[in-house]
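1. Here is the input, now give the coordinates:
(one chain, ligands or ions: 6)
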Amino acid sequence: MLWLQVIFLGSCLPLSFGAPTYQRKSSKRTYGNATESQYRANAVKEAFQFSWHGYKTYAFPHDELHPVSNTYSDSRNGWGASAVDALSTALVMELPDVVNEIIDFIPTINFAVTSDQVSLFETTIRYLGGMLAGYDLLKGPLSSLAVNDSNVDALLTQAKNLADILAYAFDTPTGIPHNGLYIESKTTDNSPDNGLATTGTLVLEWTHLSDLTGNTTYADLSQKAESYLLNPQPASSEPFPGLVGTNINITTGLFEDATGGWVGGDDSFYEYLIKMFVYDTSRFKEYRDRWIAAADSTIANLTSHPTTRPDLTFVAMFDSTRLILESEHLACFDGGNFLLGGEVLGRQDYIDYGLALVNGCHDTYASTATGIGPEVFSWDPNSVPADQSAFFQANGFYITNSIYDLRPEVLESYYYAYRITGDTKYQDWAWDAFVAINTTTRANSGFSEIENVNTPGGGAKDDFQESFWFAEVMKYAYIIHAPDAEWQVNSEGKNKWVFNTEAHPLKVAGPPI
Ligand SMILES: *[C@@H]1O[C@H](CO)[C@@H](O)[C@H](O)[C@H]1NC(C)=O
Ligand SMILES: *[C@@H]1O[C@H](CO)[C@@H](O)[C@H](O)[C@H]1NC(C)=O
Ligand SMILES: *[C@@H]1O[C@H](CO)[C@@H](O)[C@H](O)[C@H]1NC(C)=O
Ligand SMILES: *[C@@H]1O[C@H](CO)[C@@H](O)[C@H](O)[C@H]1NC(C)=O
Ligand SMILES: *[C@@H]1O[C@H](CO)[C@@H](O)[C@H](O)[C@H]1NC(C)=O
Ligand SMILES: *[C@@H]1O[C@H](CO)[C@@H](O)[C@H](O)[C@H]1NC(C)=O
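-> Residues are numbered from 1 along each chain as shown. Ligands and ions are numbered 1, 2, ... in the order given. Next up, the predicted model:
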């Protein structure tokens, strides 16, 4: 216990445990200090089990827990989003009781029924991704955890049922889907356009569903939609090679703007370009080439160093060729994505750039009163709020939205940085972040969104625990300390699994790199 308190008080300092230094490309890699790692992994498991118990007690089978008031809500159509999102984390944590509770439940979900609007994107990444990852893990390395084998087969059946219900979304003049669906009437919100991320973050899950079922329709639908993003028109919507606008006209397939970045609304389109290549190196070379174009333009044209902290590297947003010096917690997946690309493509420049971005996002955590980074931040020297000028001077950014919504992206990038470099500094950063999150966001029965990362204690708790708390925050915080396993990111780029944008690991289909 004393040891724990020492760590807690020193949570903003990098910790060193004297672990051996990792040599890149060595086959005799060791993964840090096993005793220390096991202690940390168990602490994350405790947080998972605490919040799972709260969800089971006060919210299941609804979508999410309100952890302050011990109530629930159904923001994801009432199909039990937290349960489905928790499955692949309970699996990698090897918690058979939780796994079997969830897979007993999934066959009972009726995906045909909901009066609320369905988001094709959110439903794909959370529910479809969650069930497919559960299926892959339970048909593969974790098969011993399932008590009832028909529940395992039901994961794929239910994934197919869900996709069959959603598939009419693609029935448009171009094949670019509508994102807002009313499935009971098979109608849509009639939006004239769809977004870059909502269109471009379907192809991994829908292609995998085709590969598992042998029905090519799902892959064909998602790849047809993606084709407009891979070949953007008009030319003005691609202000830098590979970097494109945000809204696409569903009727014409034309982009409507040239505004974008690695931020929310665009983010996982770029993420999936390289992940499709990891998924199948033979089928998705064009995706790889588009990722390389985007990565090269990002390095050449979007790299930005704050005037007050030129040692830090952030990625700017763009409006055509004009840069906007603002970023987000959501964008902090970018370091991890550059690291993944660098490793699978054997490109040290992408790895180095990824590490610089990881360092920048670490700064957004290490600078605040809670040790957690903000939702949105800026480093534009021309609009610094007076009350943050000292903060900007010291830390290289200032806060423009101070909430923390239990997002995973900073932990996610630490995970890639650790797996790919072997530098235990990134495990220490992940531990610091976990301890800060555990301290600041823990509520009565789970963990809550908080209002202000830069006030001691985090300010008011917003009484909401997103389902991605289970899928992502808990998973990345855990697996960075967990023993090596086939689903872990491979330090030599020979990945057998690839994580979807909700952190659900999917078994890759193609030949190894
Ligand atoms: C590993 O971590 C444990 C617990 O923190 C510590 O007691 C031990 O000395 C460490 N071992 C090495 C080789 O650093
Ligand atoms: C196994 O699961 C199926 C649904 O997948 C269910 O119908 C069956 O009753 C379960 N069997 C047992 C023994 O619980
Ligand atoms: C494949 O899935 C599509 C989409 O749900 C469906 O319309 C089609 O009948 C299926 N094809 C086969 C051969 O099962
Ligand atoms: C999309 O394209 C259609 C057909 O050209 C056009 O009528 C519509 O105004 C466009 N919508 C937007 C939002 O640009
Ligand atoms: C992007 O950066 C490259 C390399 O510095 C430069 O040649 C190119 O002009 C830049 N593109 C734009 C649109 O500024
Ligand atoms: C997380 O918070 C709980 C409740 O305050 C505490 O018991 C536990 O020790 C904390 N875990 C860590 C690793 O700080």
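
2. Spell out, range by range, the helices that occur in the stretch 1-150 of the chain.
-> 2-9, 34-58, 81-92, 96-105, 120-122, 129-139, 149-166 (DSSP state H, counting those that start in this stretch).

3. Most tightly packed of those?
-> helix 81-92 (a mean of 28; mean count of other CB atoms under 10 Å). C-beta: built from backbone N, CA, C; applies to glycine.

4. in the stretch 251-400 of the chain, what residue is nearest ligand 6?
-> Nearest to ligand 6, among the residues of the stretch 251-400 of the chain, is residue 371, at 11.9 Å (CB to the nearest ligand atom).

5. What parts of the stretch 151-300 of the chain come near ligand 3?
-> 164, 167, 215, 217 (CB under 6 Å from any ligand atom).

6. Redo these as CSV? Include pLDDT and secondary structure.
-> Below are these laid out as CSV (pLDDT from 0 to 100; DSSP: H, G, I helix; E, B strand; the rest coil):
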residue, pLDDT, secondary structure
164, 98, helix
167, 98, helix
215, 98, coil
217, 98, helix
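
7. which of those residues sit farthest apart?
-> Within these, 167 and 215 form the most distant pair, 10.5 Å apart (CB to CB).

8. burial count for the closest residue to residue 315 other than its chain neighbours?
-> The spatial neighbour of residue 315 that comes closest, neighbours along the chain excluded (CB to CB, 6 or more residues apart in numbering), is residue 302 at 5.0 Å. By other CB atoms under 10 Å, 21 other residues sit near residue 302.

9. Run through the residues of this protein sitting next to ligand 4.
-> 192, 193, 249, 251, 252, 256.

10. between those residues, which is closest to residue 177?
-> Of the residues of the chain next to ligand 4, the one sitting nearest to residue 177 (CB to CB) turns out to be residue 193, at 11.3 Å.

11. List the residues that contact the closest one.
-> Residue 193 is in contact with 247, 248, 249, 250, 256, counting by CB atoms under 8 Å, 6 or more residues apart in numbering.

12. from those residues, which is closest to residue 294?
-> So of those, ranked by how close each gets to residue 294 (CB to CB), first place is residue 248, at 16.3 Å.

13. Using the three-state scheme, assign the closest one.
-> Per DSSP: H, G, I helix; E, B strand; the rest coil, the local secondary structure of residue 248 is strand.

14. distance of it from ligand 2?
-> 39 Å (CB to the nearest ligand atom, to the nearest Å).

15. surely that residue meets residue 192?
-> No - with contacts defined as CB atoms under 8 Å, residue 248 does not count as touching residue 192, sitting 9.9 Å away.

16. who has more neighbours, those two?
-> Comparing residue 248 with residue 192 by neighbour count (other CB under 10 Å), the higher total belongs to residue 248, at 28 against 12.

17. quick one: contacts for the more buried one?
-> Residue 248 neighbours (CB under 8 Å, 6+ apart): 176, 193, 194, 195, 196, 199, 228, 229, 254, 255, 256.

18. Please enumerate the helices of the stretch 251-400 of the chain.
-> So, for the stretch 251-400 of the chain - with DSSP H, counting those that start in this stretch - the helices run 267-279, 285-297, 334-345, 348-366, 389-395.

19. Export these as a markdown table, with columns for mean pLDDT and mean neighbour count.
-> Shown next, in a markdown table, are the helices of the stretch 251-400 of the chain (pLDDT from 0 to 100; neighbours: other CB atoms under 10 Å):
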| stretch | mean pLDDT | mean neighbour count |
| --- | --- | --- |
| helix 267-279 | 98 | 27 |
| helix 285-297 | 98 | 20 |
| helix 334-345 | 98 | 27 |
| helix 348-366 | 98 | 22 |
| helix 389-395 | 98 | 16 |
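
20. Let me have those in a markdown table, extended by distance to residue 243.
-> Below are the helices of the stretch 251-400 of the chain laid out as a markdown table (distance: least, CB to CB, whole Å):
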| stretch | distance to residue 243 |
| --- | --- |
| helix 267-279 | 8 |
| helix 285-297 | 5 |
| helix 334-345 | 12 |
| helix 348-366 | 15 |
| helix 389-395 | 27 |
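
21. In the stretch 1-150 of the chain, what residue lies closest to ligand 6?
-> For the stretch 1-150 of the chain, CB to the nearest ligand atom, closest residue to ligand 6: residue 43, 3.8 Å.

22. quick one, phi psi at the residue nearest to that residue when sequence neighbours are not counted?
-> Using CB to CB, 6+ apart and skipping the chain neighbours, the partner closest in space to residue 43 is residue 434 (7.3 Å). Main-chain dihedrals, residue 434, degrees, to the nearest 10: phi -60, psi -50.

23. what about residue 434, how many residues close to it?
-> 24.

24. how near is it to residue 478?
-> Using CB to CB, to the nearest Å, residue 434 is found at 9 Å from residue 478.

25. between those two, what contacts are shared?
-> Common neighbours of residue 434 and residue 478 (CB under 8 Å, 6+ apart) are residue 44.

26. can you put the helices of the stretch 251-400 of the chain in TSV and add distance to ligand 1?
-> Listed next are the helices of the stretch 251-400 of the chain as TSV, based on distance: least, CB to the nearest ligand atom, whole Å:
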stretch	distance to ligand 1
helix 267-279	33
helix 285-297	36
helix 334-345	26
helix 348-366	22
helix 389-395	30
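
27. So which of the ones you listed is nearest residue 95?
-> helix 334-345 (25.2 Å).

28. Also compute the angle for that closest one relative to helix 285-297, please.
-> Counting by axes from the mean of the first three to the mean of the last three CA atoms, to 10 degrees, helix 334-345 points 130 degrees away from the direction of helix 285-297.

29. Please state the offset of helix 334-345 from the chain centre?
-> 14 Å (CA atoms, centre = their mean, to the nearest Å).

30. And it, what does it pack against?
-> The helices and strands touching helix 334-345, judged by 3 or more CB pairs under 8 Å, 6 or more residues apart in numbering; DSSP states H and E, are helix 267-279, helix 285-297, helix 348-366, helix 409-421.

31. Helix 267-279 and the third one, what's the angle between them?
-> If you take the same axes, to 10 degrees, helix 348-366 sits at 140 degrees to helix 267-279.

32. give me the residue from the stretch 51-200 of the chain nearest ligand 1.
-> residue 93 (20.9 Å).

33. contacting residues around the closest residue to that residue other than its chain neighbours?
-> Closest residue in space to residue 93, ignoring its immediate chain neighbours: residue 45 at 5.5 Å, by CB to CB, 6+ apart. Taking CB under 8 Å, 6+ apart, we find residue 45 in contact with 93, 95, 478.
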